[in-house]
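**Student:** Coordinates for the following, if possible.
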Amino acid sequence: MSTDAVMLAAMAADAAQEPAKVSAVDRLVEQIRDLVRERALVIGDALPTERDLGELFQAGRNTVREALQILKAYGIVEVRPKIGAVLSDRHEDAVRKLFSFQNDISPASFLDVQGYRRIIETGVGDHLILHASAADLDHLDAVNDRILQNRSVDEAARGDFAFHEALVSLAGNRTLLASYRLLQPVITHIMRVGKAAKPVQIDTHQAHAQIINALRARDRVAYVYLLSRHLEFGLQFVGTEAAPGAQGS
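**Tutor:** Residues are numbered from 1 along each chain as shown. Prediction:
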């Protein structure tokens, strides 16, 4: 990972320690993203009209338009004649192409992505060890238990990502969570590669459970060790050109 990337990720981890200050436009962007998840919209589905979005979230017309422009710039939505804003797959394609070639992620890219995740999730762990409630950790258990119901490789990858997303979300920092979600396409792609080679729902569930137990015990050393081992597991499925001694998840 480049020095700049490490610095940015570290700054994001530090930001998890205090509430994020976001503008009305940034808040609306996140609300629209939440709406997409809540309604289970898929690529090609239309978003509510600008007027409907304004009424739903009590936002002005200019705020709505600026929020949609941001989503358009990220490739999350595109505007189609007579339809309006619809979900686009350009963001997923762009992110995936950034890290992979012909659907095969390289060991160097794997380490880059997992290194970013380690910085973020380790930083979040510091926050959770100090502030997470029993109810927060029970929620992580519930998200983790759903993994055992996954049957296909895609379901298993989405379930794995959902656990790590829930872990980051407990920091209570929307900006940090949004930046983590931007890498969802490539993170789930990494997860699919490993799970296609070896179905590991039970192993994944157990690894997550150990991480939760370390948080319950407020044991930072155990948390960092278990998280790092989990993130390194998958490198065996993407190649051996990485740094000596490294493994992957």
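
**Student:** Strands of this protein, residue ranges please.
**Tutor:** Listed in chain order, the strands of the chain (DSSP state E) span residues 77-80, 84-87, 100-101, 104-105.

**Student:** give me the number of residues near the residue lying closest to Ala166 once chain neighbours are set aside?
**Tutor:** Nearest residue to Ala166, sequence neighbours excluded (Cβ to Cβ, 6 or more residues apart in numbering): Val143, at 4.6 Å. Every residue, glycine included, has its C-beta placed from N, CA and C. Close neighbours of Val143, defined as other Cβ atoms under 10 Å, add up to 18.

**Student:** Look up the pLDDT of Val143 for me, please.
**Tutor:** pLDDT for Val143: 95.

**Student:** ok, back up a step: lowest average pLDDT across the strands of the chain?
**Tutor:** strand 100-101 (a mean of 45).

**Student:** pLDDT-wise, which helix or strand of the chain ranks last?
**Tutor:** Within the chain, no helix or strand scores below strand 100-101, which has a mean of 45 by mean pLDDT, DSSP states H and E.

**Student:** List the contacts of Ala157.
**Tutor:** Listed by Cβ atoms under 8 Å, 6 or more residues apart in numbering, the contact set of Ala157 reads 188-189, 191-192, 195.

**Student:** Neighbour count, distance to Tyr223 and pLDDT for the residues you listed - can I get that in a markdown table?
**Tutor:** Shown next, in a markdown table, are those (neighbours: other Cβ atoms under 10 Å; distance: Cβ to Cβ, whole Å; pLDDT from 0 to 100):
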| residue | neighbour count | distance to Tyr223 | pLDDT |
| --- | --- | --- | --- |
| Thr188 | 20 | 23 | 83 |
| His189 | 20 | 26 | 79 |
| Met191 | 23 | 20 | 83 |
| Arg192 | 19 | 26 | 79 |
| Lys195 | 24 | 24 | 68 |
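
**Student:** so which two of those are the farthest from each other?
**Tutor:** His189 and Lys195 (10.9 Å; Cβ to Cβ).

**Student:** Need the per-residue pLDDT for Ala162.
**Tutor:** On the pLDDT scale, Ala162 gets 94.

**Student:** for Ala132, phi and psi?
**Tutor:** phi -70, psi 140 (degrees, to the nearest 10).

**Student:** Just give me the neighbour total for it.
**Tutor:** For Ala132, the neighbour count with other Cβ under 10 Å is 21.

**Student:** Distance of it relative to Asp126?
**Tutor:** 11 Å (Cβ to Cβ, to the nearest Å).

**Student:** Domains in this protein, by residue range?
**Tutor:** Following automatic domain parsing, one finds the domains of the chain at 20-88, 100-237.

**Student:** What's the separation between the residue located most distally from the centre of the chain and Ala142?
**Tutor:** Going by Cα atoms, centre = their mean, the residue of the chain most distant from its centre is Lys82, 32.7 Å out. Taking Cβ to Cβ as the measure, Lys82 and Ala142 are separated by 42 Å.

**Student:** Per-residue pLDDT of the residue farthest from the centre of the chain, please?
**Tutor:** Looking at Lys82, the pLDDT reads 78.

**Student:** Please name the residues that touch the closest residue to Asp219 other than its chain neighbours.
**Tutor:** The spatial neighbour of Asp219 that comes closest, neighbours along the chain excluded (Cβ to Cβ, 6+ apart), is Ile129 at 7.9 Å. Neighbour list for Ile129: 215, 218-220, 223 [criterion: Cβ under 8 Å, 6+ apart].
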